[in-house]
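K.L.:
how would this look folded up:
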Amino acid sequence: MIVIKLGGSVITQKSEYKSFNGAVVEKIVKTLKGINDEMIIVHGGGSFGHIKAKEYGLPGYASKETIIGMSIVHNDMADLNLKISQILYSNGIYSIALPVSSLVYDNKKNYTVFRRYLQLGITPVSYGDTYIHGNKIGIYSGDNIVYDVARRFHPSAVVFFSDVDGIYDKNPKTNPDARLLKHITGEFQHDEMIPDVTGGIMNKYRKMKNISDLGIPVYLINGLYPERIYNIGKNNFTGTVV
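P.N.:
Numbering: from 1, shown residues only. So this is what the prediction gives:
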């Protein structure tokens, strides 16, 4: 089994509300079609999740505003999931949407249903979503879901697709001298100043490190070049190994 995370930064234009990078997703899915293994797919929200979550104060205590925001974000994420699922279907990957709002609440998590679908040859697809956490409206990120399923199903690998070639020592979008870290084994510092509502690159790295600590190899690859997944373990692999 392999767990795939489609990052919101590569499947959407994060600065433009509900802007879907359909051609990029199509290219990634065509690449995944060539993987002869069970898959669990998790996707982020990008501009379908982060913009309205921030606007409505999510995560936050339950109030009229955050409840409205919960509804908007949840429906927008379902819309994004449908777009991805249609591309999966058109490429012969038959999937079922499993929104985290139905799997996680308070401190309870139940991913048992993933195994049942896998046994039938159906690919589970989950995604970051709003959920109830005590008296708060929370956001459970796609990275959290990836960690949960990795811990439960212990896949052979976890692959994160992002919009950069890997993890850098500083933000490559604002620092031309940023250095790609091809292999990370411990802590590192990053100059990220404004993380998004799910914590940004440092939170992503911590989740990746937590998965790696389970004995599962973790990779970060540029989703614009998804074919790099076939170079994992080779000298010409471009990406970050955690």
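
K.L.:
When you work out contacts or count neighbours from here on, use the C-alpha atoms and nothing else.
P.N.:
Fine.

K.L.:
low-confidence ranges in this protein?
P.N.:
187-200 (pLDDT under 70).

K.L.:
make it 50
P.N.:
Within the chain, the ranges that satisfy pLDDT under 50 run 193-194, 197-199.

K.L.:
At which residues are the strands of it located?
P.N.:
2-6, 39-43, 60-61, 95-97, 104-105, 108-109, 123-127, 129-133, 136-140, 157-162, 218-222, 240-241 (DSSP state E).

K.L.:
Just send those strands back as JSON lines, with distance to residue 81 too.
P.N.:
Shown next, in JSON lines, are those (distance: least, CA to CA, whole Å):
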{"stretch": "strand 2-6", "distance to residue 81": "11"}
{"stretch": "strand 39-43", "distance to residue 81": "8"}
{"stretch": "strand 60-61", "distance to residue 81": "24"}
{"stretch": "strand 95-97", "distance to residue 81": "7"}
{"stretch": "strand 104-105", "distance to residue 81": "18"}
{"stretch": "strand 108-109", "distance to residue 81": "21"}
{"stretch": "strand 123-127", "distance to residue 81": "7"}
{"stretch": "strand 129-133", "distance to residue 81": "11"}
{"stretch": "strand 136-140", "distance to residue 81": "15"}
{"stretch": "strand 157-162", "distance to residue 81": "16"}
{"stretch": "strand 218-222", "distance to residue 81": "20"}
{"stretch": "strand 240-241", "distance to residue 81": "27"}
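
K.L.:
Turn those strands into JSON lines, including mean neighbour count and distance to residue 27.
P.N.:
What follows is the strands of the chain, written out as JSON lines (neighbours: other CA atoms under 10 Å; distance: least, CA to CA, whole Å):
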{"stretch": "strand 2-6", "mean neighbour count": "21", "distance to residue 27": "12"}
{"stretch": "strand 39-43", "mean neighbour count": "24", "distance to residue 27": "15"}
{"stretch": "strand 60-61", "mean neighbour count": "17", "distance to residue 27": "36"}
{"stretch": "strand 95-97", "mean neighbour count": "17", "distance to residue 27": "17"}
{"stretch": "strand 104-105", "mean neighbour count": "18", "distance to residue 27": "31"}
{"stretch": "strand 108-109", "mean neighbour count": "10", "distance to residue 27": "32"}
{"stretch": "strand 123-127", "mean neighbour count": "24", "distance to residue 27": "17"}
{"stretch": "strand 129-133", "mean neighbour count": "23", "distance to residue 27": "25"}
{"stretch": "strand 136-140", "mean neighbour count": "22", "distance to residue 27": "27"}
{"stretch": "strand 157-162", "mean neighbour count": "22", "distance to residue 27": "12"}
{"stretch": "strand 218-222", "mean neighbour count": "23", "distance to residue 27": "12"}
{"stretch": "strand 240-241", "mean neighbour count": "22", "distance to residue 27": "21"}
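
K.L.:
OK, contacts around the closest residue to residue 154 other than its chain neighbours?
P.N.:
Nearest non-adjacent residue to residue 154, counting by CA to CA, 6 or more residues apart in numbering: residue 216, 7.1 Å away. Residues in contact with residue 216, defined by CA atoms under 8 Å, 6 or more residues apart in numbering, are 150, 154, 155, 156, 157, 158.

K.L.:
again, but for residue 37
P.N.:
Counting by CA under 8 Å, 6+ apart, residue 37 has contacts 1, 2.
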